[in-house]
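**Student:** no FASTA, just this:
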């Protein structure tokens, strides 16, 4: 019996393989197998959700549209027969498969079935079949016929008119079926359980550059695709290892790990529209020399300068808020059962973390309507224009001066005196739109939030909140007479033990954001990252007393051995350093006390002289001294939510040069193993929690 060439699928009912591509110059690639089956079941007559709900296939229109990212539509076609074209870039002599239109595939399939029946044991032979041919409707200059070469039979595509008895004409072998193939990440995602967590990821600076085709750095969209596949793969690998362990111990298998979706929030293309007058002006003033370096300034650094401008800050916040609201509604439309058990979280990278902070500040400001406007609890500073009013540069900005004045916060009009600040953004007017949920997790990666808060004067605001909290607590402590009355009027007429009150000073500011957990994660060598915790401590705390950041680990305990050894070494060095300084400090204390007494006396004399001249004392109040107040005390920040800390640093490697690491530290967060494991641990489902 003859052997067929190019028959990858010999089944009687040949299934259609659905292929897609973006440009005509690209190679057609097959969809996931589960998506091909879903399209075949619909018979290509209705829209089908594919890619786990991230895209929708429109078979009647021949396109694929994306549900949660702004990507151009892709072309979609079904195919059963393909042409084999040698791939010049392949070393394994692989072929590029070009699908044939369905109208031609049906005729080719009939010819193939006739040839199979004719070459069978009960057939009449191939002699008559070899004379038949099919003229391609898609390209009438070519035909398809059955060709026999010794013991091989193949379907070949050749020119309709032969030249010189077919000498030198090109014949292309046809392939039936696409053959075996795998799509990266499909098996892992299909093996996961229910979708229970969504993370909105806000990009930072430079996304306008990373999205360019000529730049090799991955864009935020591509990074989220890679992060999703990595998370799914690790979840399945860990689950299979746990299943093997349970099988050895003859225990029931653990539940399937949950699925987590990562949705990028892209804002750069909204505020960087090429038609906007600002971008046109920027292009006109940019010198044409060293274009690569100037591109870095215009596409990367310019994002920060834009966000420091109140008008563009408002435009970016409005864009991000609207994008989250739209995707929030669209996601629950695609996944209607998600709302009952699902959670939403926010991740911000670089400048995106500052945007996430400000979005939550606006959420806090809107939801806490009882807070008095203009107080330290109000995060929004209104940039009230002086006369003449500022000319708006964006269509989203308010056009009237009265609206600016109406939204001005009187408590912040004197913010330049250094006594008032804000922990939220400075905007031309109040924002009324906010996100529709309180995040379960808020993660800042490589964040300059500490720098922005310092520029906004937030440290004094946080310190004032701490002082108010301490004063409120002190008002609840009874005086001596009240305490005696409490003892005398105790139930049963017997003396009750006096209540115990915490008299230690409040160290950490009670400030918090509307999120159940907040993590400021950074690489120690990231030149863009800053800490947040020192701003939540009193202004008088010295740098030596500020607690170091925690090391990031999934369960808070699994530190690497070399990191533990480094911690022990730092503690020993600190103890020996304090002992060595003990004798020096003892000798210096007497001189310091004498110097302090002399300074105090000089200050009093100066005050007396001022009293004599001005008729009243003008001495400024002394700043409280918080030196040593944190030693041997556990700090707990309300900002952290269900965790007591906010600042977390990535564990360094065994051999780690901080200057070499600084080159890639800021751009490598989404591929960092510690962060990936941390996200997996923090987003696990309740069923997975119960098995631990």
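**Tutor:** Cool, the structure landed. Note that the structure is a prediction, hence the values are computed from the model and not measured.

**Student:** So, low pLDDT: which residues of the protein?
**Tutor:** Within the chain, the segments meeting pLDDT under 70 span 1, 91-93, 163-168, 273-275, 369-420, 476-504, 555-632, 654-656, 686-692.

**Student:** which residue of it sits farthest from its center?
**Tutor:** Distance from the C-alpha centroid of the chain, by Cα atoms, centre = their mean, peaks at residue 124 (65.8 Å).

**Student:** so who does that residue touch?
**Tutor:** The contact partners of residue 124, taken as Cβ atoms under 8 Å, 6 or more residues apart in numbering, are residue 118. (Glycine included, C-beta is placed from N, CA and C.)

**Student:** Can you tell me how far it is from residue 110?
**Tutor:** Distance of residue 124 to residue 110, given as Cβ to Cβ, to the nearest Å: 17 Å.

**Student:** quick one: terminal-to-terminal distance for stretch 640-660?
**Tutor:** End-to-end span of stretch 640-660 (Cα to Cα, to the nearest Å): 31 Å.

**Student:** leaving aside the residues next to it on the chain, what's closest to the spatially most central residue of the chain?
**Tutor:** Closest to where the C-alpha atoms of the chain average out (Cα atoms, centre = their mean) is residue 201, at 2.8 Å. In space, and not counting its chain neighbours, residue 201 is closest to residue 347: 4.5 Å by Cβ to Cβ, 6 or more residues apart in numbering.

**Student:** quick one: secondary structure of the one you found?
**Tutor:** Classification of residue 347 by DSSP: H, G, I helix; E, B strand; the rest coil places it in strand.

**Student:** which ones are touching it?
**Tutor:** By Cβ under 8 Å, 6+ apart, the residues touching residue 347 are 199, 200, 201, 202, 356, 441, 442, 443, 445.

**Student:** what secondary structure does the closest residue to the fourth one other than its chain neighbours sit in?
**Tutor:** Counting by Cβ to Cβ, 6+ apart, the nearest residue to residue 202 once its immediate chain neighbours are dropped is residue 352, at 3.5 Å. Classification of residue 352 using three-state DSSP returns helix.

**Student:** do the same with the one 3 residues further on
**Tutor:** The three-state assignment at residue 355 reads helix, by three-state DSSP.

**Student:** My guess is it contacts residue 349. True?
**Tutor:** No. Between residue 355 and residue 349 there is no contact, the gap being 9.9 Å when judged by Cβ atoms under 8 Å.

**Student:** Now do whichever strand or helix holds residue 238: distance to the chain's middle.
**Tutor:** For residue 238, the enclosing helix or strand under DSSP states H and E is helix 220-248. The chain centroid and the centroid of helix 220-248 are separated by 18 Å under Cα atoms, centre = their mean, to the nearest Å.

**Student:** Only the buried residues of it, if you could.
**Tutor:** By 16 or more other Cβ atoms under 10 Å, the buried positions in helix 220-248 come out as 220-221, 223-228, 230-236, 239, 242.

**Student:** Please apply the same query to stretch 669-685.
**Tutor:** Using 16+ other Cβ under 10 Å as the test for burial, stretch 669-685 gives 669-670, 672, 674-680, 682-685.

**Student:** ditto for stretch 320-332
**Tutor:** 320, 321, 323, 324, 327, 328, 331.

**Student:** Am I right that residue 78 sits in a strand?
**Tutor:** Yes. Read with three-state DSSP, residue 78 is one of the residues of a strand.

**Student:** That one: what's it in contact with?
**Tutor:** For residue 78, the contact set (Cβ under 8 Å, 6+ apart) comprises 16, 17, 18, 19, 39, 44, 59, 102.

**Student:** ok, now with 7 Å
**Tutor:** By Cβ atoms under 7 Å, 6 or more residues apart in numbering, residue 78 lies in contact with 16, 17, 18, 44, 102.

**Student:** try residue 44
**Tutor:** Taking Cβ under 7 Å, 6+ apart as the test, what residue 44 contacts is 59, 78.

**Student:** Helix, strand, or coil at it?
**Tutor:** Going by three-state DSSP: residue 44 is coil.

**Student:** now it: how far from residue 349?
**Tutor:** For residue 44 relative to residue 349 (Cβ to Cβ), the value is 40 Å.

**Student:** got it, and residue 546?
**Tutor:** Distance from residue 546 to residue 349, by Cβ to Cβ: 25 Å.

**Student:** and the two? which has more neighbours close in?
**Tutor:** A count of neighbours by other Cβ atoms under 10 Å puts residue 349 above the other of residue 546 and residue 349, at 26 against 15.

**Student:** From residue 287, how far off is that one?
**Tutor:** Distance of residue 349 to residue 287, given as Cβ to Cβ: 30 Å.

**Student:** Then residue 660?
**Tutor:** On the measure of Cβ to Cβ, residue 660 and residue 287 end up 32 Å apart.

**Student:** And the helices in the stretch 51-200 of the chain?
**Tutor:** Assigned by DSSP state H, counting those that start in this stretch, the stretch 51-200 of the chain shows helices spanning 102-118, 186-191.

**Student:** if we can go back for a sec, so the residue nearest to residue 202 touches residue 205, yeah?
**Tutor:** No. If you go by Cβ atoms under 7 Å, residue 352 and residue 205 don't touch, sitting 8.5 Å apart.

**Student:** Neighbour count for those two, which is higher?
**Tutor:** Comparing residue 352 with residue 205 by other Cβ under 10 Å, the one with more neighbours is residue 352, at 28 against 23.

**Student:** Would you mind telling me which of residue 660 and residue 287 has more residues around it?
**Tutor:** Taking neighbours as other Cβ under 10 Å, residue 660 and residue 287 compare with residue 660 leading, 10 against 7.

**Student:** That one: what secondary structure?
**Tutor:** Following three-state DSSP, residue 660 is assigned to helix.

**Student:** did I read that right, residue 639 in a helix?
**Tutor:** Yes. Counting by three-state DSSP, residue 639 falls inside a helix.

**Student:** which residues touch it?
**Tutor:** Taking Cβ under 7 Å, 6+ apart, we find residue 639 in contact with 511, 512, 513, 518, 536, 646.

**Student:** how about a cut-off of 10 Å?
**Tutor:** By Cβ atoms under 10 Å, 6 or more residues apart in numbering, the residues touching residue 639 are 442, 462, 508-513, 515, 517-518, 520, 532-533, 535-536, 645-646.

**Student:** In helices, which of these appear?
**Tutor:** Members of the contacts of residue 639 lying in helices (criterion: DSSP state H): residue 462.

**Student:** picking up where we left off before, and which of the contacts of residue 78 is nearest residue 77?
**Tutor:** Closest to residue 77 out of the contacts of residue 78 is residue 18 (7.3 Å), distances taken as Cβ to Cβ.

**Student:** Make sure the closest one is indeed in a helix.
**Tutor:** No. Under three-state DSSP, residue 18 falls outside any helix and is assigned strand.

**Student:** and it, how many residues sit next to it?
**Tutor:** Count around residue 18 with other Cβ under 10 Å applied: 27.

**Student:** which residues does it bridge with?
**Tutor:** residue 78 (DSSP bridges).
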